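[1] got a predicted model here, sequence first, then my questions.
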Amino acid sequence: MRYADFEWLFVDMGSTFVDESLCIEKRITDTIASSSITKAEFEAVMRRFARQNLDAYKSACAYFGLEKAHWHEELEMLYPGTEETLLSLKRRFKLGIIGNQPESAIDKLKGWNIYELFDAVIISSSEGFAKPDVRLFMSALNKTSCDPESACMAGDRLDNDILPAMQLHMKTVWVRQGFGGLGSAALLPCPIDYTVNSFNEIASLLC
């Protein structure tokens with residue numbers, strides 16, 4: 001383990017500490033409902049695009065010529081152990097969120113009783129631009145008065161979370177969960193600082 005020499009740890013939400021598996025399954029089922037495409041076929045194409053560090057669902061919809069289905073955010077839940085992990089990280093770092101999220105994300109964080117664990121919550125719906133736009137990351141750094149070299153970004157998507165952070169010289173933690181976890185680190189311009197297979201592994205790695 002390398003010494004975690006940064007002050008701020010920013011984290012993504014979806015498929016990082018928020019379990020979206022039921023949402024994704026429902027969205028795929030709804031997307032293919034009026035077609036002859038099977039769930040297995042659609043997911044296979046999603047995996048193929050995910051390995052290219054692309055938006056797996058959006059790319060699969062384009063590939064099959066299907067419209068994107070509604071996202072059922074009510075099916076989102078925390079991964080088991082998330083609160084305990086955040087509490088451990090809170091003792092070591094200042095915590096922030098950088099996420100492509102609607103305004104309702106704030107209410108969800110409060111409903112899960114973890115909102116107070118974050119020192120900053122930067123979401124796309126409030127800022128007017130979304131990941132992978134580096135301006136969302138720059139806004140987070142500006143609002144927290146944090147230099148990029150003193151910040152780390154943790155997320156599941158190499159294209160949305162890791163690459164923009166690298167471009168700003170932030171440190172990076174790849175959380176290999178969901179379809180984003182199928183990405184290829186070899187396609188990135190420089191090495192990832194830390195890689196974990198679940199959000200809960202971050203505390204034991206960094207603290």
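    Structure received.
[2] going forward, measure contacts between C-alpha atoms and count neighbours the same way
    Fine.
[3] I'd say Arg47 and Ala56 touch.
    Yes - between Arg47 and Ala56 there is a contact at 6.6 Å, judged by C-alpha atoms under 8 Å.
[4] remind me which residues of this protein are low pLDDT?
    Along the chain, segments meeting pLDDT under 70 span 1-3.
[5] how about Ser125, nearest residue that isn't a chain neighbour?
    Pro102 (5.2 Å; C-alpha to C-alpha, 6 or more residues apart in numbering).
[6] if I look at Arg47 and Ala56, which residues touch both of them?
    Counting by C-alpha atoms under 8 Å, 6 or more residues apart in numbering, the common neighbours of Arg47 and Ala56 are Phe179.
[7] so Thr172: helix, strand or coil?
    strand (DSSP: H, G, I helix; E, B strand; the rest coil).
[8] pairing partners for it in the sheet, please.
    Met153 (DSSP bridges).
[9] what residues are up against it?
    For Thr172, the contact set (C-alpha under 8 Å, 6+ apart) comprises Cys152, Met153, Ala154, Ile162, Ala165, Met166, Ile192, Asp193, Tyr194.
[10] can you flag the buried ones in those residues?
    Cys152, Met153, Ala154, Ile162, Ala165, Met166, Ile192, Tyr194 (16 or more other C-alpha atoms under 10 Å).
[11] for these, which one is nearest Ser88?
    The closest of the buried ones among the contacts of Thr172 to Ser88 turns out to be Ala154 (C-alpha to C-alpha; 15.3 Å).
[12] that closest one is in contact with Trp174, isn't it?
    Yes - between Ala154 and Trp174 there is a contact under C-alpha under 8 Å: 5.8 Å.
[13] so what's in contact with the two at the same time?
    Overlap of the contact sets of Ala154 and Trp174 (by C-alpha under 8 Å, 6+ apart) consists of Ile162.
[14] got the contact list for Ala56?
    Val45, Met46, Arg47, Arg48, Phe49, Ala50, Phe179, Gly180.
[15] any idea whether the last one is helix, strand or coil?
    Same thing as Gly180. Classification of Gly180 using three-state DSSP returns helix.
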